[in-house]
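>>> What would the 3D arrangement of this be:
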Amino acid sequence: MLQNTIARPAPLTHARVRELIGEPDQSAIDKVQDRIDPHIYRFIAHSPFLAIATAHADGTADSSPRGDYPGFVKVLDDQTLAIPDRIGNNRIDTFENLASDPRIGLLFLVPGHRETLRVNGRAYLTEDPNVLTRLEAEGKAPRLAIIVEVEEVFIHCGRAVLRSRLWDQDSTALAEHVPSIGEIVAAQYHREDVTAEAVDEGIESAYKNLY
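Sure, this is the predicted structure:
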């Protein structure tokens, strides 16, 4: 079992963080926009993956992935995005959070691109057929979509991606050292009827139905 070996450090004040980090360059401030311009549109149109950050009214936070064909997130206009809800595990954590706190943060990635795209704003759910039809994939429309009203959008520098070597081919070898979802779930459940092999087989079967 993993155990704590050090005492929890005291949190730093905002003033102390600024003292340690310093002030941002003016360019880092000026790059923030309140709408989607043609260059940002091209980034979103080629992105097959994003992470969504939301928070519940009680203060608990959550981040979840979304992925599909490049450009699966549609730009409805220069301040509005639509994100399809494909089939998944039905936890709806993001939806429950948005019901009580509409604030949302998005992080878009494009494979091979060093920089990421950050979008902040407010969001709500829709089942408007006019929107859902635009989000079809493999001939199927999503059941719901998240509409994001953009308040901030900006490119984030590529240092994190460069340091992580995320797009290096050799990095894919790291997956060999990570337990399968079956191994993880079986260890957590502590039930004789839940085996790693059975879970992995079930997951592989489920992954054949992405839409």
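>>> Now do the most centrally placed residue in the chain, the pLDDT please.
Here the mean C-alpha position of the chain is nearest to the C-alpha of residue 51 (CA atoms, centre = their mean), at a distance of 0.8 Å. Residue 51 is assigned 98 on the pLDDT scale.
>>> My read is that it contacts residue 106, right?
Yes - between residue 51 and residue 106 there is a contact at 7.3 Å, judged by CB atoms under 8 Å. C-beta: built from backbone N, CA, C; applies to glycine.
>>> shared neighbours, those two?
Counting by CB atoms under 8 Å, 6 or more residues apart in numbering, residue 51 and residue 106 have no common neighbour.
>>> quick one: low-confidence ranges for the chain?
Along the chain, the model assigns pLDDT under 70 to residues 1-2, 4.
>>> quick one: the strands in it?
Ranges of strands in the chain, per DSSP state E, are 49-55, 61-67, 74-77, 80-85, 103-109, 116-126, 144-156.
>>> Please parse the protein into its domains.
As assigned by automatic domain parsing, the chain contains the domains 29-163, 179-207.
>>> Grab the nearest non-local neighbour of residue 43.
Spatial nearest neighbour of residue 43, excluding adjacent residues (CB to CB, 6 or more residues apart in numbering): residue 117 at 5.0 Å.
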